[in-house]
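Peer 1: any chance you could fold what I've pasted below:
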Amino acid sequence: MKKIIICILTAGFITNCAVENPESAETDITQTYFTEFMACKAGPDQSTATMTSMISEWQQLLEGDSLVGSWGYAPAVATNSSEDTIWWELQWTSQEDANNAWGAWLQNEDAAAWEEKYTSVLDCDGENRQSFDTAYPMASNAFGELPDSGYFYAEILFCEYENGGSKEDALGFLAGFNNAVNKGGYEGTSYHYGNYFQQGNEDGFMWGNFTNSKESMDKATEAFEANVRGEMFPIFSEFASCRDATDLYNGYTLYWSEDKDFMPTFPSS
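Peer 2: This is a model prediction of the structure:
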């Protein structure tokens, strides 16, 4: 099947967090949502202008309400585990709705024309997209609003279960972690996070931290060391451990269903 290109990201910056996460303090923070990731490569014609045009035209092709949001991740450092791969994330109302939307996309002649038009801007492997059940335990504006540009900074950790640990243990950890984070030190950072459980993988999960800038991530790390690690790390260590190496990304929100007029503002360089 032909590779599918459905978004625009750039090798220097990409999308990730939502303008605002769907959950609030009143919802079950252990609830999971269906998300997908596609691996992408930047093309020779990628630029601020072509990205803006591509996303604008892509948004006009979206039909129905099954897509909740989309974000992209471009490497912020050269040491990421997936090297120069750009990742595009899609959150859906359900896995069934996602499958139906993809089926409709493949039959859409306008979508095929759009894909051909922008094939030299970004090439994404839609055929081999990866499926995840994702928990978003904290609203993205809990510690301040994200920039109007849609930018965010992302830190991705890869964690493995230990001592017979499981997804249920990871989800059960979230309430205590939220309480520890709420003790202070994260103000103004837009800090929030997500846990990504890949379907078919029982060995571990991804932990994503998101802030409004690299400087805010540094501040969040300081707050973690001062107010969270001592209380929560021993509990986390009972069921999981994370690799020392962390993947770092620049990101932008590409689409958010609660603000369909939203467009990211990409930097000129």
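Peer 1: quick one: low-confidence parts of this structure?
Peer 2: Within the chain, the segments meeting pLDDT under 70 span 1-27, 269.
Peer 1: again, 50 this time
Peer 2: 1-26 (pLDDT under 50).
Peer 1: what about the helices in it?
Peer 2: Taking DSSP state H to define them, one finds helices in the chain at 48-61, 95-106, 109-117, 167-181, 214-223, 229-237.
Peer 1: any chance of those helices in a markdown table, plus mean neighbour count and distance to Thr246?
Peer 2: (Glycine included, C-beta is placed from N, CA and C.) Below are these laid out as a markdown table (neighbours: other C-beta atoms under 10 Å; distance: least, C-beta to C-beta, whole Å):
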| stretch | mean neighbour count | distance to Thr246 |
| --- | --- | --- |
| helix 48-61 | 17 | 26 |
| helix 95-106 | 15 | 28 |
| helix 109-117 | 14 | 33 |
| helix 167-181 | 17 | 17 |
| helix 214-223 | 17 | 10 |
| helix 229-237 | 14 | 15 |
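Peer 1: the ones you listed: which one's closest to Leu248?
Peer 2: With C-beta to C-beta as the criterion, Leu248 lies closest to helix 214-223 of the helices of the chain, at 8.3 Å.
Peer 1: what packs against that closest one?
Peer 2: For helix 214-223, the contact count by 3 or more C-beta pairs under 8 Å, 6 or more residues apart in numbering; DSSP states H and E identifies strand 151-161, strand 204-211 as packing neighbours.
Peer 1: what's across from Gly72 in the sheet?
Peer 2: For Gly72, the beta-bridge partners are Trp88, Tyr252 (DSSP bridges).
Peer 1: now the helices and strands packed on helix 214-223 in CSV, with distance to Glu231 and mean neighbour count?
Peer 2: Formatted as CSV, those follow (distance: least, C-beta to C-beta, whole Å; neighbours: other C-beta atoms under 10 Å):
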stretch, distance to Glu231, mean neighbour count
strand 151-161, 18, 20
strand 204-211, 17, 23
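Peer 1: in a markdown table: the ones you listed, plus distance to Ala113.
Peer 2: Formatted as a markdown table, those follow (distance: least, C-beta to C-beta, whole Å):
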| stretch | distance to Ala113 |
| --- | --- |
| strand 151-161 | 30 |
| strand 204-211 | 34 |
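Peer 1: nearest to Ile86, out of the helices of the chain?
Peer 2: Comparing those against Ile86 with C-beta to C-beta, the closest turns out to be helix 48-61 (11.4 Å).
Peer 1: quick check: angle from that closest one to helix 109-117?
Peer 2: Angle, helix 48-61 to helix 109-117, by axes from the mean of the first three to the mean of the last three C-alpha atoms, to 10 degrees: 170 degrees.
Peer 1: contacts only, for Glu222.
Peer 2: When the contact criterion is C-beta atoms under 8 Å, 6 or more residues apart in numbering, the partners of Glu222 are Gly185.
Peer 1: got it, and Tyr196?
Peer 2: Contact partners of Tyr196, counting by C-beta under 8 Å, 6+ apart, are Thr35, Phe132, Thr134, Phe205, Met206, Trp207, Gly208.
Peer 1: identify, from those residues, the entry nearest to Leu171.
Peer 2: Looking across these and measuring by C-beta to C-beta, the closest to Leu171 is Phe205, at 9.7 Å.
Peer 1: the closest one contacts Ile156, doesn't it?
Peer 2: No: assessed by C-beta atoms under 8 Å, Phe205 is found out of contact with Ile156, at 11.1 Å.
Peer 1: show me where the stretch 1-150 of the chain has its strands.
Peer 2: For the stretch 1-150 of the chain, the strands defined by DSSP state E, counting those that start in this stretch cover 32-42, 67-75, 86-92, 122-124, 130-135.
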